[in-house]
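S.K.: the sequence and its predicted three-dimensional model are supplied below.
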Amino acid sequence: MNNLLERFLIYSLQHRRAIKVMLMLDEKPQSLNLSVQSMDEDGFYYLSAKNKQQARYLRYDDVLAAAYKRGDSGEGTDIKENKG
């Protein structure tokens with residue numbers, strides 16, 4: 001898992017905020033808004049906007065990229081890169 005992906009997953013977990021991820025599922029790229037519930041060494045459990053009742057598991061290797069969800073800029077968090 002790359003450092004930036006890890007930082008977004010931890011951001012979602014600690015702040016209980018949804019993030020946007022690009023995934024490769026069934027050999028098809030997909031975009032998903034999700035909230036991380038817990039993490040382990042191989043992947044993480046999440047709730048999606050479509051299914052907030054049952055957590056699903058996703059391997060880190062299936063995640064292509066992560067970003068803030070639309071409307072969230074991470075204000076007040078330390079995830080932003082220093083642009084100096």
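M.R.: Cool, the structure landed.

S.K.: CA only for contacts and neighbour counts going forward, please
M.R.: Fine.

S.K.: low pLDDT regions in the chain?
M.R.: Within the chain, the stretches with pLDDT under 70 are 73-84.

S.K.: ranges for the strands of this protein?
M.R.: Along the chain, counting by DSSP state E, strands occupy 19-25, 28-39, 43-48, 56-59, 63-68.

S.K.: direction included, what does the fourth one pair against?
M.R.: Put plainly, it is strand 56-59. strand 43-48 (antiparallel) (DSSP bridges).

S.K.: tally of neighbours for Ile10?
M.R.: 18 (other C-alpha atoms under 10 Å).

S.K.: and for the one 5 residues further on?
M.R.: Residues contacting His15 under the criterion other C-alpha under 10 Å number 12.

S.K.: same question for Ser31.
M.R.: When neighbours are counted by other C-alpha under 10 Å, Ser31 comes out with 14.

S.K.: now the strands of the chain in JSON lines, with distance to Ser12?
M.R.: Formatted as JSON lines, the strands of the chain follow (distance: least, C-alpha to C-alpha, whole Å):
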{"stretch": "strand 19-25", "distance to Ser12": "6"}
{"stretch": "strand 28-39", "distance to Ser12": "6"}
{"stretch": "strand 43-48", "distance to Ser12": "10"}
{"stretch": "strand 56-59", "distance to Ser12": "14"}
{"stretch": "strand 63-68", "distance to Ser12": "9"}
